[in-house]
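*Asks:* here is the input, now give the coordinates:
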Amino acid sequence: MLRAVGTLIPTLELTAFTAATAAQGSKMTQDAHLNWTKSAGGARERRSPRVLVLANQKGGVGKTTTAINLGTALAAIGERVLIIDLDPQGNASTGLGIDRKARASSSYDALAGDRSLAQVLTATAVPRLFIVPSTMDLLGFELEISAQADRPYKLKNALKVFFSQGEIDAQITYVLIDCPPSLNLLTINALAAADAVVVPLQCEFFALEGLSQLLSTVDQVRMSLNPTLIIHGIVLTMFDPRNSLAGQVVADVRAFMGERVYDTVIPRNVRVSEAPSHGKPVLLYDLKCSGSQAYLKLASEIIQREGRWRALSLLGAVGAED
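*Replies:* Residues are numbered from 1 along each chain as shown. Next up, the predicted model:
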């Protein structure tokens, strides 16, 4: 059963948000959504949910901010999105207005097997956006399961049960997993359960140092735990055009990673920083700001990328049959 959020944003504000994203948020994002469904064969069809993990062992690069606002942007263009908060700090939950006192159950309970994901997910103030909140209980998770043989697959097993259930669970189209800023067992669980990795990367020099380590970890997970795991893309965050070093970082990352880097760059924007203190995604806090528009573009780009991959997959299947 869904547990309603204690304090909801007024209906009038949500109506304005929905209308604005439909009109402004844009024909570009609406078209991207249609391109995805057309590449899958024309009409909207039932499909398996896509599980994307947002990971980077360096803190402060925009993982949680991206999880919240990418999830909101995807929901705004018609997707049904579930965010799983795997960070013991629980900032994704707070940023979506889930009060700590209201978190009677959490992602810890789902990983421990005490409850199913369907039992702990919570509706947010954003239509079509749900969250499995986090609590500090996750701090003891790694120690508690260290002796269990299936310890890397706790989340994968929970998701398998979740996807096999009916009602709202079967309607989820995207799962976004917000990881802690470390390559611990929680992050390994997320990588083992995911289809692809989205890497938020701050446009600063030190953020580059951990990128190779993360890519190496992804390779190791692919070889030992999840052979189909891919890098979905790298999203450059906190870009300040006034800083020449930021421009150089962008150029270096694009030169090194090529097409893996999304075209969309998330700017450093004060409205993005202010929104979490109000328990809102920036798209609800200020839809017209540059940060909101960037996350709408990122959602569009992700769906377009998914569409191209799916089209190539279908063409490959047809070719194999021929």
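
*Asks:* got phi/psi on the residue lying closest to residue 276 once chain neighbours are set aside?
*Replies:* Using CB to CB, 6 or more residues apart in numbering and skipping residues adjacent in sequence, the residue nearest residue 276 is residue 95, 4.1 Å away. Any C-beta I mention is one placed from the backbone N, CA and C, and that applies to glycine too. Main-chain torsions, residue 95, degrees, to the nearest 10: phi -70, psi -20.

*Asks:* contacting residues for residue 95?
*Replies:* 64-65, 68, 275-276, 279-281 (CB atoms under 8 Å, 6 or more residues apart in numbering).

*Asks:* narrow these to those in helices?
*Replies:* 64-65, 68 (DSSP state H).

*Asks:* contacting residues around the lengthiest strand in the chain?
*Replies:* Identified as the longest strand of the chain according to DSSP state E is strand 230-239. Residues outside strand 230-239 that contact it (CB under 8 Å, 6+ apart): 52, 61-62, 65-66, 195-204, 211, 215, 218, 246, 249-250, 253, 257, 260-262, 264-268, 298, 301-302, 305.

*Asks:* please enumerate the strands of this structure.
*Replies:* Using DSSP E, strands in the chain cover 50-54, 81-85, 122-123, 129-132, 174-178, 196-202, 230-239, 261-267.

*Asks:* to residue 160, which of the ones you listed lies closest?
*Replies:* Nearest to residue 160 among the strands of the chain is strand 50-54; the distance by CB to CB comes to 10.8 Å.

*Asks:* tell me the average confidence for the closest one?
*Replies:* Averaging pLDDT along strand 50-54 gives 96.

*Asks:* next one: stretch 153-166
*Replies:* Computed over stretch 153-166, the average pLDDT equals 90.

*Asks:* cool, and stretch 63-73?
*Replies:* Stretch 63-73 comes out at a mean pLDDT of 95.

*Asks:* how far does that stretch sit from the chain's center?
*Replies:* 6 Å (CA atoms, centre = their mean, to the nearest Å).

*Asks:* got the contact list for that stretch?
*Replies:* Contacts of stretch 63-73 (CB under 8 Å, 6+ apart): 25, 29, 54-56, 81, 83, 87, 91-92, 95-96, 126, 129, 174, 176-179, 181, 198, 200, 235, 237, 266, 272, 276, 281-284, 291-292, 295-296, 298-299, 302.
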